[in-house]
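Asks: Fold the following.
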Amino acid sequence: MALSYWQSPCGLMAISADEKGITSIRFVSESTAAASPSDLTLACCEQLEAYFDGRLTTFSVPLNPSGTVFQQQVWRQLQSIPYGHTVSYGAIANGIGQPTALRAVGMANGKNPLTIIVPCHRVIGSNGKLTGYAGGLTRKQFLLALEGAI
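Replies: Have a look, this model is predicted:
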């Protein structure tokens, strides 16, 4: 398992990968394990840097997150949200053909292991308000402002 740390404008990030793709991107308060970077984690760091610099709107690193079939379905749907746009939990539920699964969609969204690249920060409440984000609402607001979504 490869591991890189990258200091983003809104906090330290830990990027993990296996031989198939990026498995985890998360905000961390400190580096708790020794870094063991790979070409893949370093490429991810470069793409994240380009995203934060406003030079990248679509990521191309291969992804390999672990999750249930339902979670994977939600995460794929999240990837269809265009840069600079927001959608509601209801839109995600409708997009996967399960319009009554709002709570389950919210739970899957909260368990997204690939922050930013699988853009769970682009999901807002049906009333247009910012709702929970594992990285914190301040980061969510920062990311949406960076993308020009708010």
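Asks: Going by C-alpha atoms from here, please, whenever you check contacts or count neighbours.
Replies: Fine.
Asks: Downstream of the helix of greatest length in the chain, the next helix or strand is which one?
Replies: Across the chain, the helix with the greatest residue count (assigned by DSSP state H) is helix 39-52. Remark: after helix 39-52, the chain's next helix or strand is helix 69-78, criterion DSSP states H and E.
Asks: The helix or strand just after that following helix - contacts with which helices or strands?
Replies: Using DSSP H and E, the next helix or strand after helix 69-78 towards the C-terminus is strand 87-88. Using 3 or more C-alpha pairs under 8 Å, 6 or more residues apart in numbering; DSSP states H and E, the elements in contact with strand 87-88 are strand 123-124.
Asks: quick one, what contacts the residue nearest the centre of the chain?
Replies: Nearest to the mean C-alpha position of the chain, counting by C-alpha atoms, centre = their mean, stands Thr115 at 2.3 Å. With contacts defined as C-alpha atoms under 8 Å, 6 or more residues apart in numbering, the neighbours of Thr115 are 24-26, 121.
Asks: Same check on Gly125?
Replies: Going by C-alpha under 8 Å, 6+ apart, Gly125 touches 88-89, 131.
Asks: Can you give me the distance of Arg26 to Ser4?
Replies: Separation of Arg26 from Ser4 (C-alpha to C-alpha, to the nearest Å): 11 Å.
Asks: Common neighbours of these two, please.
Replies: Shared contacts of Arg26 and Ser4, counting by C-alpha under 8 Å, 6+ apart, come down to 14-15.
Asks: okay, those two: which has more neighbours?
Replies: The neighbour count for Arg26 versus Ser4, taken as other C-alpha atoms under 10 Å, is higher for Ser4 (22 against 19).
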